[in-house]
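In: my questions concern the predicted model and sequence given below.
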Amino acid sequence: MTPTSIVMMIVAMVTVWGGLVAAIINLARHPEIAETEPRPPVEL
Amino acid sequence: MAIVTTQTPAREAFGSRNVFILSAIGSAVGLGNIWRFPYVAYEGGGGAFLIPYLCALLTAGIPLLFFDYAIGHRFRGSAPLAFRRLHRAAEPLGWWQVLICVVIAVYYAVIIAWAAMYTWFSAELTWGKGNEEDFFFTDFLQMADVAEVGVSTTFVPQVGIPLLVVWVVVIAIMALGVRRGIGRVNMVLMPLLLVMFTILVVQSLFLPGAMDGLNAFFTPNWEALSDPGVWASAYGHIFFSLSVAFGIMVTYASYLKRKTDLTGSGLVVAFANSGFEILAGIGVFAALGFMAQAQGTDVAGVATSGIGLAFIAFPTIVSQAAGGTIIGVLFFGALVFAGVTSLISILEVIVAALQDKLGWTRIRTTLTVSIPLAIVSMALFSTTTALAVLDTTDAFINAFGIMAVAFISVIVVAWLLHKLPTLQAHLNERSSFRIGLLWKILIAGLAPIVLGYLFVSELIAKMSDPYSGYPTWFLGVFGWGMVIALVILAIVLSLLPWSGRSRAKDDPEYDEFLAEEHYEPDSETDTVRVHASPKNGEHS
């Protein structure tokens, strides 16, 4: 492989797979609020 | 009618956010990721294609994915119901998407059947070394010319029997429902697909000539970036690859819990889909590099996509490579799994739509929908003219079905109904990745321009030359006639009344959701409770 193609391969991997890792980290920081639906407030 | 009846069963839902994400990835990662992306990227400038590709992903793919999620999650229904709740006059858009899925499901299944047979053939090298092309067209498909025989009724058992099996399997998955069927299958098949494909890539990298293949794939041709055609192909590819705008993401998002991080999940789905494409590009071009070396030619001489790549080039590689059988089994097995997870998402659009419209149970709707589809699929695609019908319907449904409905949907929702602020507020209220003015500009401005350009260029191309040289009557029926019929049928289906038991008329869960979120009440599910709420009105 030529140096340019190696660089482009690394850039592609870093941007796309890096984007995936960043998206997963972002999601993991915002876990689902609760397993069950929160109950709506009861209006009396 | 303030009394909540128990007549309508609770709407189905995914078990958790992760199950939804895996299912959405399962839908997005399909045959196109494996057999289309590598060649599109190679043709579009190799390594340089990354620039238009990422632009398309960030400015069109992801915004449209959010758009679909927002519609499905905010209006909590299958495509026709969600669009109907958005505005009564928008309902035909939903049915159009459903009908597009009908057409795609019918032919998509047969490709899975072929791939399943080829998984078996790879184990035994049934095709015979050097005979891969003849074997596929003559021995396996027994292909006949539509110009001579018309639409054939000659049954080809080696295609018809696996096709029947594919239908039985997917019908069983669909009948089990969203949580036990679709969710579970994706939880198993998606990790398996990743493992299989990774092994395939690693093995391909060790083949002689693999590095030449990668070199050809990643060497940038910067001049390609000045060609508008390359940019159009990047946008077109991203658009098809993410399964946006034909109801799938609307339907899947409607099965999410009320408080779910929609944009955060969408980013994972979008990048996972693209991540898989990069992996596929590496695997496919490493294998093509080997094939070029074995045949004493360069990579340009063997690079191809679609059916030619999967059913001619790959069998050739399997015949020639050391350990080729393993490569073949992994490659065709991956096609089957990627195909099945996409096919069930396509079928779910149809099943969900009829379930909502008729108020029927899951199993009854699944059988009523899938059995006729399976029969049509068997009738058209287990015969000797299957490939011509498949090729034509696929080309026309992509250009004048998916592309057209996407173009019209963004215009209707953004410019005629002015619903983008509503959708934006809904997304931002529950999501980690906040969207703003830029998202609205991309959906209302860039998306219609790009989609309109692609649509018009397809229209010119298909009108100027008969597609693939097929006879006029044939293109009239399976091409133009089919895409026009879908629009007419979509309008007819919208005019048919919704059953009194349907969710459009009676959906206590939706009423409760509207009340909880202080959204405007829906005109048809008539909830007195929502009207009585003091904090009425939509956050927009």
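Out: Thanks, I have it.
In: pull out the buried residues from stretch B:116-130.
Out: For stretch B:116-130, burial by neighbour count (16 or more other Cβ atoms under 10 Å in any protein chain shown) applies to B:116-119, B:121-122, B:126-127. Glycine gets a C-beta too; all of them are placed from N, C-alpha and C.
In: in strands only, show me those.
Out: Among the buried residues of stretch B:116-130, none falls in strands (DSSP state E).
In: pLDDT and distance to B:Asp68 added to the residues you listed, as CSV?
Out: Shown next, in CSV, are those (pLDDT from 0 to 100; distance: Cβ to Cβ, whole Å):
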residue, pLDDT, distance to B:Asp68
B:Ala116, 97, 30
B:Met117, 97, 34
B:Tyr118, 97, 33
B:Thr119, 97, 32
B:Phe121, 97, 38
B:Ser122, 96, 36
B:Thr126, 94, 42
B:Trp127, 95, 41
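In: looking at those, which is nearest B:Phe49?
Out: Distance ranking of the buried residues of stretch B:116-130 against B:Phe49, using Cβ to Cβ, places B:Tyr118 first at 28.4 Å.
In: dump the residue contacts of that closest one.
Out: Applying Cβ atoms under 8 Å, 6 or more residues apart in numbering or on different chains to B:Tyr118 gives the contacts B:310-311, B:315, B:328, B:332, B:335.
In: need the residues that contact the helix or strand hosting B:Asp68.
Out: Following DSSP states H and E, the helix or strand that holds B:Asp68 is helix B:62-75. Helix B:62-75 has contacts (Cβ under 8 Å, 6+ apart) with B:81-83, B:85-86, B:239, B:242, B:244-245, B:248-254, B:256, B:260, B:262-263, B:265-267, B:269-270, B:406, B:410, B:413, B:422-424, B:426-427, B:435, B:439, B:442-443, B:447.
In: okay, angle between the very next helix or strand once past that helix and helix B:62-75 too, please.
Out: Using DSSP H and E, the helix or strand that follows helix B:62-75 towards the C-terminus is helix B:79-86. Interaxial angle, helix B:79-86 versus helix B:62-75 (axes from the mean of the first three to the mean of the last three Cα atoms, to 10 degrees): 80 degrees.
In: and helix B:79-86, average pLDDT?
Out: Mean pLDDT, helix B:79-86: 96.
In: can I get it in CSV? Just the C-alpha atoms.
Out: Taking Å, rounded to 0.1, in the frame of the first residue of the first chain, the C-alpha atoms of helix B:79-86 are listed here in CSV:
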residue,chain,number,x,y,z
ALA,B,79,-46.2,5.3,8.9
PRO,B,80,-49.9,5.9,7.8
LEU,B,81,-51.1,6.6,11.4
ALA,B,82,-48.2,8.8,12.3
PHE,B,83,-48.6,10.8,9.1
ARG,B,84,-52.4,11.0,9.7
ARG,B,85,-51.9,12.3,13.2
LEU,B,86,-49.4,14.8,11.8
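In: enumerate the residues of chain A near chain B.
Out: A:1-2, A:4-9, A:11-13, A:15-17, A:19-20, A:22-24, A:26-27, A:29-30, A:32-35, A:37-38, A:40 (Cβ under 8 Å from any Cβ of the partner chain).
In: among these, name the buried ones.
Out: Listed as buried from the residues of chain A next to chain B are A:1, A:5-6, A:8-9, A:11-12, A:15-17, A:19-20, A:23-24, A:26-27, A:30; burial here means 16+ other Cβ under 10 Å.
In: which ones among the residues you listed lie within helices?
Out: Within these, residues falling in helices by DSSP state H are A:5-6, A:8-9, A:11-12, A:15-17, A:19-20, A:23-24, A:26-27.
In: of all residues in chain A, which one is closest to chain B?
Out: A:Met8 (2.8 Å; Cβ to the nearest Cβ).
In: not counting its neighbours along the chain, what's nearest that residue?
Out: B:Gly47 (2.8 Å; Cβ to Cβ, 6 or more residues apart in numbering or on different chains).
In: and that neighbour, what does it touch?
Out: Contacts of B:Gly47 by Cβ under 8 Å, 6+ apart are A:4-5, A:7-9, A:11-12, B:217-220.
In: now, which of these sits nearest B:Gln293?
Out: B:Phe217 (14.6 Å).
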